[in-house]
Every structure is written in structure tokens, then in C-alpha cells.
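Asker: Based on what follows, work out the 3D shape:
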Amino acid sequence: MVAFVSKDDTLMPHLTVKEFMHLFAMLKFASNTPVKERRYTIQYLTETFKLKQYEKRTIQSLETEQRKMVNLVCQLMLDTDFLVLDEPTTGLTAACSMFTVECLREFTSKGRIAIATFNQPTFEMFKQFSKVALIADGQLVYIGSNRNMLPYFSSLRYPCPLFTNPCDYYVDLVTVDYESFQTIEESMERVRRLADLCIQKTLSVSDPGAPYVLPAKYAQARPARQFTVLLRLRISRFACLDTLWVLLYSSLLSLLIGMIYSNINLMLQGNDTFPNLTQLAIDDRVGFTFVIIFVAALPELFRLIADVYQERRGLQIATEMQLFSGVVYFLVMILVDLAILVPTAFAYITPAYWLSSMRRNSNNFFAYWAVMTLYLSSLRVMAIVASFVFKRDHHSACALYTWLAFCACAAGFVVHHNHLHKVFAWEISASPSQWAFKLLLQNEMIGLNFNRNVCTTIRGPTVITDPVAPPLEIYAEKVVCTLSGRPIASGDEVLAYFGSVIEHRYSFTKEMLIIAAFSLCFLIVGCLSLLFFIKKPKPKRKRSLW
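Answerer: Model prediction:
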């Protein structure tokens with residue numbers, strides 16, 4: 001079997017060192033490998049390469065040296081016969097480079113083969129090599145043991161000067177000099193001459209042909225295995241401090257909204273009627289529903305986009321390494337996100353509902369909670385899909401905000417449906433936001449009664465007369481009631497005014513299934529985007545002041 005250590009970091013930056021190494025081991029090792037053996041291998045390699053102290057740190061927070069070591073450890077963990085490395089010492093200090101070469105020397109001492117490329121290794125590293133191949137301009141200039149390299153070039157009248165690193169000297173010797181046309185021709189002619197001499201002096205080896213049994217390759221784990229391992233990883237990351245901050249923020253935002261709508265002059269008198277409801281309470285109720293659906297959900301969606309964007313780089317690397325499939329990772333992410341949604345939705349919905357003067361009974365609250373939970377799930381799936389479709393996180397956020405703003409304008413509260421242009425009429429029924437808005441309005445308005453008068457509290461001067469004392473003018477509050485220009489007597493009339501269908505026995509399940517269908521459509525789009533259109537996230541460019 002062959003393991004390959006890439007020059008670039010083939011790691012998932014959002015995971016910790018321990019999480020990534022266990023994920024790599026569980027997906028690359030055979031399924032019947034004992035757990036104790038896997039843990040012992042990880043523990044032995046982390047202690048050997050001095051990575052024990054970095055186990056709880058995320059990979060993106062590590063220095064280049066530590067990331068290189070983690071990358072090398074993961075490939076050594078496979079215990080293969082061949083190890084191919086692409087510039088394993090690039091970006092490392094001299095001490096760390098020497099330590100890497102010594103580890104490779106120990107790897108080959110057990111009868112294995114390690115093939116690595118180096119750029120200008122030190123003389124101490126050069127002495128550790130058993131065989132050396134010098135390549136220039138795509139041509140083999142020398143191949144043989146490190147001990148025969150200096151005598152070989154000396155016989156060609158290219159001796160290495162004293163106190164000079166032979167690696168540096170001979171690399172410079174076969175490097176094309178682009179200083180002038182004359183130096184280019186001279187250096188290229190020298191490379192061609194050395195390559196011809198290498199062919200003449202190297203013993204020709206006949207092609208042995210294809211082996212009877214080809215070397216085995218580490219295949220990608222089965223989808224069921226990938227799903228199980230990724231699910232365990234996501235669940236372990238679920239119980240973290242970030243989740244608690246999300247719940248706390250959702251609760252504070254809900255408390256703020258509930259306090260804003262807590263004093264809209266609503267008093268429960270009777271079973272199902274509110275005789276003290278004024279005309280002003282109509283807009284307040286519709287406004288509360290509008291804010292909960294279209295406005296207050298945006299911060300959490302933007303945070304979710306930022307989190308998914310951080311994981312995209314790791315997903316791209318993992319799919320290139322064939323650790324797991326992008327579709328499996330997407331499905332696991334959606335499943336765990338739904339588990340996070342339940343407490344998040346409860347924290348986001350409950351305080352605002354019970355602090356505001358909405359209909360405080362269990363039946364209405366259950367319907368309100370069910371609609372909002374399903375609706376928020378569709379929004380979160382949409383946000384995750386947008387994070388994978390677009391290259392940058394702010395592009396995903398802009399696309400999601402544009403869609404929600406368009407849905408909000410077509411909801412019937414900002415612009416009446418009768419005044420909506422025919423070009424955008426399809427939006428009335430082509431969005432989960434519209435159906436959620438309609439369901440919450442029907443759940444709240446059906447069965448309510450309103451006074452036809454608009455009563456407002458005015459603070460102004462009042463004259464108090466007394467037959468004994470002189471008149472006294474004081475400031476006091478008084479309630480002034482006038483006939484509304486839009487007299488609405490019931491919740492059915494409110495629904496008719498805002499263009500909603502009046503159904504006393506409306507099909508609650510039908511509208512819920514429509515919202516769930518939107519979530520399913522977004523889920524399918526996300527899987528297709530990962531299969532065909534997934535793109536690497538672009539790093540943010542630093543803008544110059546000039």
C-alpha cells in the first residue's frame with residue numbers, strides 16, 4: 001500500500017488535532033480494527049511527534065510546523081509499505097526539518113521505502129539519504145547513493161568546493177540561469193550534457209511489467225460507515241460553548257421582542273373573545289408576526305452561514321482525500337442542525353410569545369411553536385445550501401437576505417396583495433415565508449373581536465373647578481376614542497383585509513406539508529450542488545490603501 005503526504009495541508013482546519021486524527025483513523029482503518037489498537041496507534045504517534053500538547057487546539061490555530069507534523073502522522077498511521085512525500089520540509093525550521101528526516105529514516109529502517117522531494121536540503125539531511133536523484137529541467141542528472149554523488153561529479157570535472165553544501169552546489173550547477181541569453185544557452189547545454197552522461201553511466205534496467213498483484217489502495221469507507229462516524233463527530237461538537245451562546249442570544253432576542261410588544265392594550269375577558277381589543281391592536285399583532293418571521297431570524301441565519309463557510313475548506317480537503325462523501329457530510333450536517341434547532345427555536349419563540357399580549361393558551365401556542373419550528377428549519381436548510389453554492393460567505397448572506405426581503409415585501413403587510421405587480425404575484429404562494437405568515441395570522445386572528453373605535457391616551461391640561469377654591473389647571477392623562485376609518489369588527493375581517501383566505505376549519509396539516517416540501521426541495525438542491533457544483537471557498541483578499 002502507498003501513502004502520500006501532500007505539500008499543502010490536507011487537513012480540516014475547523015477540527016481539533018484529536019478530532020481529525022480520530023476521524024481519519026476511523027474512516028481509513030479497516031472496520032474490524034479493534035478500538036484499543038486504533039487508540040494506541042494515535043497515542044504512540046502523537047507522543048513520538050510531540051503533538052500531545054496540541055490535541056485540543058484547532059488545526060487552523062497551529063503553526064506550519066505542527067500542521068505538517070499532523071499531516072505526516074496521519075499518513076504514517078496507515079502503516080503502508082511505501083510513503084511518498086512532496087517537499088515535507090518546506091516552511092519548516094532547520095531543527096524541525098532534521099527531525100522529519102530522522103523519522104523517515106526510522107520508517108525505512110523497518111524494510112519500507114520512503115520517496116521524498118526536497119528543495120536544497122542541508123548537509124546533515126543529505127547524509128541521512130540512502131539514494132539521491134537530481135532532476136533538472138525534467139531530466140535525470142544523477143541517480144545513486146549519497147556517498148557516490150561527490151565522486152561522480154568530480155569525475156566529470158565538477159568537484160564540490162570545500163566547506164560547501166553539496167546539495168546547494170549541485171542544485172545551482174544544474175539550474176538554468178536566466179540572467180542573459182548567453183547564460184541560458186550555457187546552462188541548458190550543461191544540463192543536457194549531464195543528462196546524457198547520466199544515461200550512459202547508469203545501468204539500464206529492463207521494464208519488469210505490471211505485477212501479478214497490484215498494490216492495494218485504501219478505499220473510501222462505505223456511506224453507512226461515513227454517516228455513523230460523522231454523526232458521532234457532529235454530536236460530540238454539539239455540546240460546546242458555542243451552542244450555549246446561540247441559545248442565550250436567541251433567548252435575549254426573544255425577550256427584547258416580547259417586551260416591545262408587551263403593552264398593546266390586550267385584556268382577556270371571556271373564553272374566546274377580546275372585547276377590549278381596539279383597532280390599533282390589529283397592526284400590532286400583524287407586526288409581531290412579521291417581525292418574528294422576517295426580521296428577527298436574520299442574525300442566526302448569518303451566524304449559521306459563517307459557521308458553514310469555515311467548514312467548507314475542510315470539506316473540500318476531505319473529499320479530495322476520499323475521507324468521506326460531500327453528500328453524506330451535508331446530510332449529517334442537516335440532521336444535527338435539526339437537533340440544534342429544537343432548543344434554539346424554543347428559546348427564540350417562547351419568551352416573545354408569552355411576554356407579548358398574544359392569545360395565551362396552550363392550543364394556540366402549540367400551533368405557533370409547530371409552524372415556527374418547521375419554518376425555521378426550512379430557513380436553516382436554505383442558509384446551509386447558500387453557503388455551499390456561493391464561493392464567499394458575504395455572497396451567501398446577500399443572496400439569502402435578498403430572498404427574505406423579497407418574500408417580506410410580498411407578504412401582504414408592507415405592500416397589499418392587490419397592489420402587488422403581476423410579475424411578482426407568484427411569490428404569494430412560492431415561498432415558505434408566505435405560508436408561515438398566513439398560518440400564524442389565521443391561528444391568531446380567527447375568533448377575535450375588535451372595537452370599532454380607536455382609543456388613544458393623551459396627556460394634556462385639565463381644569464379642576466371647585467365652588468370654594470379658585471380653578472386649578474393640572475396635567476393628566478385622558479383617553480380619547482374616535483371612530484376608525486377602517487372599522488374592523490372580527491379577526492375574519494382582518495384576514496380578508498390582508499388578503500388571507502378565511503377558513504375557520506382550515507387544513508393546518510396541508511400548509512405544514514407545503515413548508516416541509518420547501519425544506520425538502522432545498523435539501524435536494526444542496527445535494528446536487530455538492531455533487532456537481534461545489535467550489536472551493538475563496539479567501540478574503542486584503543485590500544490595499546493605494
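Asker: after the lowest-mean-pLDDT helix or strand in the chain comes which helix or strand?
Answerer: Ranked by mean pLDDT, DSSP states H and E, the weakest helix or strand in the chain is strand 472-483, scoring a mean of 47. As assigned by DSSP states H and E, the chain's next helix or strand after strand 472-483 is helix 491-497.
Asker: and that next one, what does it pack onto?
Answerer: Contacts defined by 3 or more CB pairs under 8 Å, 6 or more residues apart in numbering; DSSP states H and E place helix 491-497 against helix 432-445. For the C-beta atoms, the positions are set from N, CA and C on the backbone; glycine is no exception.
Asker: Number of residues surrounding Gln310?
Answerer: Neighbourhood size, Gln310 [other CB atoms under 10 Å]: 16.
Asker: Helix, strand or coil: sort out it for me.
Answerer: Applying DSSP: H, G, I helix; E, B strand; the rest coil to Gln310 yields a three-state assignment of helix.
Asker: Strands of the stretch 351-500 of the chain, residue ranges please.
Answerer: Shown for the stretch 351-500 of the chain, the strands assigned by DSSP state E, counting those that start in this stretch span residues 453-464, 472-483.
Asker: Revised request: answer the last question for the chain.
Answerer: 2-5, 82-86, 113-117, 131-136, 139-145, 453-464, 472-483 (DSSP state E).
Asker: ok, residues contacting the fourth one?
Answerer: Spelled out, it's strand 131-136. Here strand 131-136 makes contact (CB atoms under 8 Å, 6 or more residues apart in numbering) with 126, 140-146, 149, 170-171, 174-176, 191, 194-195.
Asker: Repeat that for the first one.
Answerer: With contacts defined as CB under 8 Å, 6+ apart, strand 2-5 is touched by 71-72, 75-76, 78, 80-86, 88, 215, 217-218.
Asker: just the buried members of the residues you listed?
Answerer: Asn71, Leu72, Gln75, Leu76, Leu78, Thr80, Leu83, Val84, Leu85, Pro88, Tyr218 (16 or more other CB atoms under 10 Å).
Asker: Nearest to Phe49 among those residues?
Answerer: If you rank those by distance to Phe49 using CB to CB, Leu72 comes first, at 7.3 Å.
Asker: Let me see the confidence value for that closest one.
Answerer: Leu72 is assigned 89 on the pLDDT scale.
Asker: low-confidence ranges in the stretch 301-450 of the chain?
Answerer: Scanning the stretch 301-450 of the chain for pLDDT under 70 picks out 357, 359-360, 417, 423, 425-429, 450.
Asker: ok, 90 please
Answerer: Low-confidence segments of the stretch 301-450 of the chain (pLDDT under 90): 301-397, 399-450.
Asker: ditto for the stretch 1-150 of the chain
Answerer: 1-69, 71-150.
Asker: again, only using 80
Answerer: For the stretch 1-150 of the chain, applying pLDDT under 80 flags the ranges 1, 8-10, 30-33, 119-120, 137.
Asker: same check, this time on the stretch 151-300 of the chain
Answerer: Applying pLDDT under 80 to the stretch 151-300 of the chain flags the ranges 176-177, 179, 201-221, 236-243, 262-284.
Asker: if you set the cut-off to 50 instead, what comes out?
Answerer: Scanning the stretch 151-300 of the chain for pLDDT under 50 picks out the ranges 267-275.
Asker: So which residues of it form helices?
Answerer: 166-173, 181-201, 223-238, 241-260, 280-290, 298-320 (DSSP state H, counting those that start in this stretch).
Asker: Roughly how far does Arg225 sit from Met26?
Answerer: 8 Å (CB to CB, to the nearest Å).
Asker: If you could redo that for Arg303, that was the one I meant.
Answerer: 29 Å.
Asker: Of these two, which one has the most company?
Answerer: Legend: neighbour count by other CB under 10 Å for Arg303 and Met26, higher for Met26 (21 against 15).
Asker: Isn't that one up against Gln226?
Answerer: No. Contact criterion CB atoms under 8 Å: Met26 and Gln226 do not qualify, at 9.6 Å.
Asker: what sits against the residue nearest to Tyr178 when sequence neighbours are not counted?
Answerer: Of all residues not flanking Tyr178 in the chain, Ile184 sits nearest, at 5.8 Å (CB to CB, 6 or more residues apart in numbering). By CB under 8 Å, 6+ apart, the contact set of Ile184 is Val176, Asp177, Tyr178.
Asker: Go through those and say which is closest to Lys201.
Answerer: Val176 (22.6 Å).
Asker: doesn't Ser187 make contact with the closest one?
Answerer: Yes. Using CB under 8 Å, Val176 is in contact with Ser187, at 4.7 Å.
Asker: With neighbour numbers in mind, choose between those two.
Answerer: More neighbours surround Ser187 than the other of Val176 and Ser187, with 20 against 14 (other CB under 10 Å).
Asker: what number of residues lie near Asp79?
Answerer: Using other CB under 10 Å, the number of residues around Asp79 comes to 12.
Asker: Would you mind measuring from it to Phe324?
Answerer: For Asp79, the distance to Phe324 - CB to CB - is 21 Å.
Asker: In the chain, which helix is the longest?
Answerer: Secondary structure of the chain read by DSSP state H shows that its longest helix is helix 326-355.
Asker: Sort out which residues of that helix are buried, please.
Answerer: 326-334, 336-337, 340-341, 344-353, 355.
Asker: and if you look at stretch 149-162?
Answerer: Neighbour count says stretch 149-162 has Met149, Tyr152, Phe153, Cys160 buried, by 16+ other CB under 10 Å.
Asker: How about the spatially most central residue of the chain, nearest residue that isn't a chain neighbour?
Answerer: In the chain, the C-alpha nearest the mean C-alpha coordinate belongs to Val308, at 1.3 Å (CA atoms, centre = their mean). Excluding its sequence neighbours, the residue lying closest to Val308 (CB to CB, 6+ apart) is Ser387, at 3.8 Å.
Asker: Correct me if wrong: the one you found contacts Ser396.
Answerer: Yes. Between Ser387 and Ser396 there is a contact at 4.9 Å, judged by CB under 8 Å.
Asker: Which one of these two is surrounded by more residues?
Answerer: Neighbours were tallied for Ser387 and for Ser396 using other CB under 10 Å; the higher tally belongs to Ser387 (28 against 25).
Asker: List the contacts of the more buried one.
Answerer: Here Ser387 is in contact with Leu304, Ile305, Val308, Tyr309, Arg312, Asp393, Ser396 (CB under 8 Å, 6+ apart).
Asker: do that again at 6 Å, thanks
Answerer: Ser387 sits next to Ile305, Val308, Tyr309, Ser396 when contact means CB atoms under 6 Å, 6 or more residues apart in numbering.
Asker: Return the closest of those residues with respect to Tyr261.
Answerer: Ile305 (27.9 Å).
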